[in-house]
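Chemist: give me the fold of what follows.
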Amino acid sequence: MLKNSFDPSKTYSFLRYGRMSSDSQNPRSPEQQFTTIADLLRRLTYPWIHIKDYRDDGISGRYF
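Modeler: Numbering: from 1, shown residues only. As a prediction, this is how the structure comes out:
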């Protein structure tokens, strides 16, 4: 049987990935996702360390 060893009270390093599905979406969508993540972590009081943000603005390579 698998054991779950995840303990959110430990210090973890993390990155945030915000994305849009297409360029017709709200251009601030990734920023709003980052804000939601930050607010949640602040409420939960986890001692996690934010390392970096990655942002995907929904630029499709479909026709290239």
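Chemist: switch to C-alpha atoms for all contacts and neighbour counts from now on
Modeler: Will do.
Chemist: please enumerate the strands of the protein.
Modeler: Ranges of strands in the chain, per DSSP state E, are 13-19, 49-56.
Chemist: out of these, which gets nearest to residue 35?
Modeler: Residue 35 lies closest to strand 13-19 among these, at 10.1 Å (C-alpha to C-alpha).
Chemist: who does that closest one touch, helix- and strand-wise?
Modeler: Judged by 3 or more C-alpha pairs under 8 Å, 6 or more residues apart in numbering; DSSP states H and E, strand 13-19 is in contact with helix 29-44, strand 49-56.
Chemist: comparing the ones you listed, which comes out most buried?
Modeler: Stretch with highest mean neighbour count among these: helix 29-44 (a mean of 14; mean count of other C-alpha atoms under 10 Å).
Chemist: out of the helices and strands packed on strand 13-19, the one nearest residue 14 is which?
Modeler: Closest of the helices and strands packed on strand 13-19 to residue 14 is strand 49-56, at 5.2 Å (criterion: C-alpha to C-alpha).
Chemist: compute the inter-axis angle for that closest one and helix 29-44.
Modeler: Taking axes from the mean of the first three to the mean of the last three C-alpha atoms, to 10 degrees, one finds that strand 49-56 is oriented at 160 degrees with respect to helix 29-44.
Chemist: and strand 49-56 with strand 13-19, angle?
Modeler: Using the same axes, to 10 degrees: strand 49-56 against strand 13-19 is 20 degrees.
Chemist: for the residue lying closest to residue 30 once chain neighbours are set aside, give its distance to residue 1.
Modeler: Excluding the flanking residues, the one nearest residue 30 by C-alpha to C-alpha, 6 or more residues apart in numbering is residue 18, at 4.3 Å. Distance, residue 18 to residue 1, by C-alpha to C-alpha, to the nearest Å: 34 Å.
Chemist: more neighbours, these two?
Modeler: Set side by side, residue 18 and residue 1 show more neighbours around residue 18, with 18 against 3, by other C-alpha atoms under 10 Å.
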